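Peer 1: need a 3D model of the sequence below.
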Amino acid sequence: MPQDRERLVSELAAMVGPEHVLADPAALPWFGRDALSRYRGGGVLERLGRPPVAVVRPGDATQVALVVAWARRRGLAVVARGGGTGVMGGAVPTREAVVVDLGRMDRVEVDEEEMVAVAGAGAPLARVAQAAEAAGLLFPHDPWSLSMATVGGAISTDGMGYLYGRYGTMGELVVALEVVLADGTVWQTPRVPTGPCGPDLVRLFAGAQGTFGIITRAVLRLYPAPERRIFAAWRFSTFAAGFQGVQMLLRSGVAPALLDLSDSGPSRDVLDDQEQAPASPGPGTGRLPPRDAGGHHREISTLCLGFFGLEGEAQSQWQRACSVLAAAGGQELGSGPAEEYWRRRHALAERWRRLIWETRSLQALDEYSTGFEYLNVALPARQVLPFRERALEMARRTPGVVAGETGLWGRPEIFSLVLFEADGPAGGVRSPGRLLGLVDELLRLCQRMGGSMEAIHGAGLRWRHLLQGEWGAGLEVLHRIKRALDPHGVLNPGKWGEEPEEGP
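Peer 2: Residues are numbered from 1 along each chain as shown. I've put the predicted structure just below:
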């Protein structure tokens, strides 16, 4: 170990304890990556990513503040890390950096009277959900990676879960925050649902990818546990008919907690461990494209719904849905497909956890997420069907690319599409080639149609090159906020394209 690194590690150990500093060169590369694979990264990891010089595991906000202030003096960057399940490279250091692993800050307390959970940034989302359930309450942020993802990471990406349609994104569940700023200041916002009077600075940190401050603790809104959960599914002869049915449903006042419209059918591909997985906004979908006998994209679509709430509320919403969707041409399938979807919603992520997360194998990560890409875009509702039609046509015209499953998730504005290399399922050594080029074209098309290129995961490094089209003049606003809060570029630099593209 170089003498300078020995001194850095010694100084970090004095702040958090030697047992909470990792500097083994063989272990550091894992902490310089998240769930973005080299294939999906399209070269961005090679150009911009680099392993950290050390990993620290502070126990509280005071220790985080000490590390941040120290890094600023040392001219180092600081990258906060939660569960490492982000799929966009948002937790990848782009210059010499210390990674702050928030895993020790995992305490969760539920205040039943105020109906909130006070959770450390490193608390797994599943632990928050379990604590809420034990108190007779519901924590409604339920993403594919529930068992691995953490509170701080979910807020910093403003993640979306299976119950988004009724309860909103993770950022919308935040009541108050404790944040460490770039100069080492620890800031706590009032524990009230309105926040401090004036602009909503609490929301400033939702989706900011840890670039404006490091979230160390959050107060999260909880809801009464549903008295009744009703699951139901319908089949439509075309995706367009299912889409119109969803719009009719929402216009009638029905607000399902769970909503998934997919043209892959109610039964999903069987995984290696014989578990079936629902459509997921996570990595490693593994679903081959649905095709009809003529080789064209299959149009038959399945709508899975879940109605959560008071006994009478859930019942009346379900009854109204039956009436509305019958009028829209839907064929009722009973509860089975939707119950299966709900039961298996985390199966894909749990397989990913066993193969990659628990083994900390970057090789397994890169092999697992090869040969496909997925889009999770947000569009004005009237643009969803035109975008889908153009996307499928562009895929048909692109040699070596096949369009897979398309779907809606939570609301009609959230549209997903899976694209595959045409020569088989994921696996083996490949070149992204035309596939990732098509993805860029589609995301630019989405932006031109008034949409957002990423609705679920944040931009990270993966979509960094498309930020100007996403934000327009607003990108300079982000840069100004970043310079004002972090003039030395200490906190997770480069994620807003404020630094030039330079490799290690």
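
Peer 1: show me where the stretch 401-504 of the chain has helices.
Peer 2: 433-448, 467-471, 474-485 (DSSP state H, counting those that start in this stretch).

Peer 1: and the first one, what other elements does it pack with?
Peer 2: Looking back up the chat, that one is helix 433-448. strand 372-378, helix 381-396, strand 401-409, strand 411-421, helix 467-471 (3 or more C-beta pairs under 8 Å, 6 or more residues apart in numbering; DSSP states H and E). All C-beta atoms are positioned from the backbone trio N, CA, C, and that covers glycine.

Peer 1: one more time with 10 Å
Peer 2: helix 38-41, strand 372-378, helix 381-396, strand 401-409, strand 411-421, helix 467-471 (3 or more C-beta pairs under 10 Å, 6 or more residues apart in numbering; DSSP states H and E).

Peer 1: kindly report the same for the second one.
Peer 2: Secondary structure elements in contact with helix 467-471, counted by 3+ C-beta pairs under 10 Å, 6+ apart, are helix 433-448, helix 474-485.

Peer 1: one more: the last one?
Peer 2: Helix 474-485 sits against helix 467-471, with contacts defined as 3+ C-beta pairs under 10 Å, 6+ apart.

Peer 1: and the helix it packs on, which residues are buried?
Peer 2: Leu467, Gly469, Glu470, Trp471 (16 or more other C-beta atoms under 10 Å).

Peer 1: of the residues you listed, which is the nearest to Leu365?
Peer 2: Leu467 (24.8 Å; C-beta to C-beta).

Peer 1: skip the chain neighbours and tell me the closest residue to the closest one.
Peer 2: By the measure of C-beta to C-beta, 6 or more residues apart in numbering, the closest residue to Leu467 outside its immediate chain neighbours is Gly497, 5.0 Å from it.

Peer 1: do the same with Cys446
Peer 2: Per C-beta to C-beta, 6+ apart, closest to Cys446 is Val377, 4.7 Å.

Peer 1: would you agree that neighbour is in contact with Ala391?
Peer 2: Yes. When contacts are counted by C-beta atoms under 10 Å, Val377 is listed as touching Ala391 (9.3 Å).

Peer 1: more crowded one of those two?
Peer 2: Val377 (25 against 22; other C-beta atoms under 10 Å).

Peer 1: how close does that one get to Arg95?
Peer 2: 30 Å (C-beta to C-beta, to the nearest Å).

Peer 1: quick one on the thing from earlier: tell me the most buried of the helices and strands packed on helix 467-471?
Peer 2: The highest mean neighbour count among the helices and strands packed on helix 467-471, using mean count of other C-beta atoms under 10 Å, belongs to helix 433-448: a mean of 18.

Peer 1: for it, give the mean pLDDT please.
Peer 2: Averaged across helix 433-448, pLDDT comes to 95.

Peer 1: ok, Tyr164 - contacts?
Peer 2: Tyr164 sits next to 140-143, 170, 172, 257-259, 281, 409-411, 414, 455-456 when contact means C-beta atoms under 10 Å, 6 or more residues apart in numbering.

Peer 1: any idea which of these is closest to Tyr39?
Peer 2: Pro281 (17.8 Å).

Peer 1: need the contact list for the residue nearest to Leu467.
Peer 2: Gly497 touches Ala459, Leu461, Arg464, His465, Leu466, Leu467, Gln468, Trp471, Leu475, Leu478, His479, counting by C-beta under 10 Å, 6+ apart.

Peer 1: okay, now the unreliable bits of the chain?
Peer 2: Applying pLDDT under 70 to the chain picks out residues 1-3, 265-298, 423-431, 500-504.

Peer 1: check which residues of stretch 387-406 are buried.
Peer 2: Within stretch 387-406, the residues scored as buried using 16+ other C-beta under 10 Å are 387-388, 391-392, 394-395, 398, 401-406.

Peer 1: one more: stretch 132-151?
Peer 2: For stretch 132-151, burial by neighbour count (16+ other C-beta under 10 Å) applies to 132, 135, 137-151.

Peer 1: which of those fall in helices?
Peer 2: Ala132, Val151 (DSSP state H).

Peer 1: restricting to C-alpha, output the helix or strand hosting Trp342 in CSV.
Peer 2: Assigned by DSSP states H and E, Trp342 falls within helix 336-343. Presented in CSV, the C-alpha positions along helix 336-343 are these (Å, rounded to 0.1, in the frame of the first residue of the first chain):
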residue,chain,number,x,y,z
GLY,A,336,-55.2,-16.0,-10.3
PRO,A,337,-52.9,-14.1,-12.6
ALA,A,338,-52.8,-11.0,-10.5
GLU,A,339,-52.3,-13.0,-7.3
GLU,A,340,-49.4,-14.8,-9.0
TYR,A,341,-47.9,-11.5,-10.2
TRP,A,342,-48.0,-10.1,-6.6
ARG,A,343,-46.7,-13.3,-5.0
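
Peer 1: from the chain's centre, how far out does that helix sit?
Peer 2: Relative to its parent chain, helix 336-343 has a centroid offset of 22 Å by C-alpha atoms, centre = their mean, to the nearest Å.

Peer 1: surely Thr302 is in a strand?
Peer 2: Yes. Counting by DSSP: H, G, I helix; E, B strand; the rest coil, one finds Thr302 located in a strand.

Peer 1: and stretch 72-91, end to end?
Peer 2: 19 Å (C-alpha to C-alpha, to the nearest Å).

Peer 1: can you check stretch 110-118 too?
Peer 2: Start to finish, the residues bounding stretch 110-118 are 6 Å apart (C-alpha to C-alpha).

Peer 1: what about the closest residue to Met105 other than its chain neighbours, distance to Tyr341?
Peer 2: Once flanking residues are discounted, Met105 sits nearest to Gly120: 3.7 Å by C-beta to C-beta, 6+ apart. Taking C-beta to C-beta as the measure, Gly120 falls 31 Å from Tyr341.

Peer 1: returning to that earlier point: with distance to Val55 added, can I get the helices and strands packed on helix 467-471 in CSV?
Peer 2: Listed next are the helices and strands packed on helix 467-471 as CSV, based on distance: least, C-beta to C-beta, whole Å:
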stretch, distance to Val55
helix 433-448, 30
helix 474-485, 24
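
Peer 1: out of these, which gets nearest to Arg229?
Peer 2: helix 433-448 (33.5 Å).
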